[in-house]
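Novice: sequence and predicted structure below; questions after.
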Amino acid sequence: MGTSGRNQYYGPGLANYNFSAGKNFPLFGERFKTHTTAHWIGKLEEQDLLCSPVRSLAEALADEQATINGMIMEAPGVVETIKVVGSPIHMSDAPVTIRIAPATLGQHTQDVLAELAQARPTAAE
């Protein structure tokens, strides 16, 4: 990706770029504030422009299409069945399944710390 925060293909890196229309394009930001997202999506679709609202993760996962498309799966939990995010890749000969329950909070902490302690170089090395 280049050095010094620059991308070799696109110039300055975009890691710190604020994609908010209101910040980078004040005219758009002020205009967009005059109506709802649904209004603007309707206007863009009238012009046959491919568009979609930007959603938070919670909003995207709450959409019924997330469930219909297999993006929400259920897994056995310690106390109850829990919902987890599914795979966006669907292959007919290799369907996604959940083979083991997700780890509980802190379940593997001691194992990881022990492994890190073993991997830490000593002063003699």
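Specialist: Yep, that arrived. Residues are numbered from 1 along each chain as shown.

Novice: endpoints of stretch 51-59, how far apart?
Specialist: 17 Å (C-alpha to C-alpha, to the nearest Å).

Novice: next, residue 115: phi, psi?
Specialist: phi -70, psi -40 (degrees, to the nearest 10).

Novice: again, but for residue 43
Specialist: According to degrees, to the nearest 10, residue 43 has phi -60, psi -40.

Novice: same thing with residue 55?
Specialist: phi -120, psi 160.

Novice: if you count neighbours, what's buried in the helix or strand hosting residue 75?
Specialist: Under the criterion of DSSP states H and E, residue 75 resides in strand 72-76. Buried residues in strand 72-76, counted by 16 or more other C-beta atoms under 10 Å: residue 72. Any C-beta I mention is one placed from the backbone N, CA and C, and that applies to glycine too.

Novice: contacts for that strand, please.
Specialist: Contacts to strand 72-76, defined as C-beta atoms under 8 Å, 6 or more residues apart in numbering, come from residues 61, 66, 81, 82, 83, 84, 85, 86, 96, 98, 101, 102.

Novice: pull it out as PDB, backbone CA atoms only.
Specialist: Output of strand 72-76 as PDB, limited to C-alpha atoms (Å, rounded to 0.1, in the frame of the first residue of the first chain):
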ATOM      1  CA  ILE A  72     -28.100 -14.500  10.900                       C
ATOM      2  CA  MET A  73     -27.500 -18.000  12.200                       C
ATOM      3  CA  GLU A  74     -28.300 -19.600  15.500                       C
ATOM      4  CA  ALA A  75     -25.700 -21.400  17.500                       C
ATOM      5  CA  PRO A  76     -26.000 -23.400  20.800                       C
END
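
Novice: neighbouring strands of the following helix or strand past it in the sheet, and parallel or not?
Specialist: Counting by DSSP H and E, the element after strand 72-76 in chain order, helix or strand, is strand 81-85. The sheet places strand 81-85 alongside strand 72-76 (antiparallel), with pairing taken from DSSP bridges.
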